[in-house]
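Trainee: can't give you the sequence, but here's the structure:
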Ligand SMILES: [Mg+2]
């Protein structure tokens, strides 16, 4: 049995646009192998990501989506049980945290009681990409961390590739909290073990039967190589031929986009 682990942003979509030829290429992989979708993006729920892929013509199921928001929610539940969480993130992150049974702290009083007591402190501050990030959220997150909450990041990608360029990624928001608190976040997303262990558990296959396809050397390709998977870099996202040449991280194959996957089936 072979399996493909596909990144989404920069591989299948660029912003809201589908990358040319991607749906057909993914459906061809689905004809012959298992396919799991692995994204550091925590802004959408697994159901929303699956629906978006379905709308582009890709035959996939919600159960084959692993987002960093979902992986964070599962990691916290398995390791600590259900917890009280102050999220800095979008609806997808909050949905997955609730789905695993965690309590969401609305953070209205900065995690501190009106009398300055600590009765309302969250167990964890969980940070993902939040396009409505504000100084107030930073302040509340900091108050919770100073009062003893753990700091968990869904991912630390510096950039999000969109249609005509890049937006700041979750990593920029995580850094703001790290800088203010003097603490380092525990990071769930690729290339870190919680996300990779989640996908290996899900597939139940040895890593050498898996091919990871992604657009970022420092997350996708590094993660796949560390785990002994075959790795394919697509140039439809953040990397360029020049950045590949300059990197110490070497994918097994480099292609323009996932539409060219058929031409390199020999490696996988
Ligand atoms: Mg990507």
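Mentor: Structure received. Note that the coordinates shown come from a computational prediction; the quantities given were computed from them, not determined experimentally.

Trainee: and the strands in the stretch 101-250 of the chain?
Mentor: Along the stretch 101-250 of the chain, the stretches classed as strands by DSSP state E, counting those that start in this stretch are 103-104, 124-127, 150-153, 159-162, 165-168, 186-187, 210-214, 230-234.

Trainee: what pLDDT, on average, does the first one get?
Mentor: Mean pLDDT, strand 103-104: 97.

Trainee: same check, this time on the fifth one
Mentor: Regarding strand 165-168, the rounded mean pLDDT is 90.

Trainee: on that earlier part again, the strands of the stretch 101-250 of the chain: lowest mean pLDDT?
Mentor: strand 159-162 (a mean of 84).

Trainee: that one close to the ion?
Mentor: No. On the criterion CB under 5 Å from the ion, strand 159-162 is out of touch with the ion, staying 6.9 Å away. Backbone N, C-alpha and C define where each C-beta goes, glycine included.

Trainee: mind starting the numbering at 20 from now?
Mentor: Renumbered: residue one is now 20, and that last one reads strand 178-181.

Trainee: now do the contacts for whichever residue of the stretch 70-219 of the chain sits closest to the ion.
Mentor: The ion sits closest to residue 180 of the stretch 70-219 of the chain, with a gap of 6.9 Å, by CB to the ion. Taking CB atoms under 8 Å, 6 or more residues apart in numbering as the criterion, residue 180 is in contact with 28, 29, 33, 34, 234, 256, 257.

Trainee: what does residue 200 give?
Mentor: Contacts for residue 200 were tallied using CB under 8 Å, 6+ apart; they are 161, 164, 165, 170.

Trainee: most neighbours, which of the residues you listed?
Mentor: In terms of neighbours by other CB atoms under 10 Å, these top out with residue 164 at 24 neighbours.
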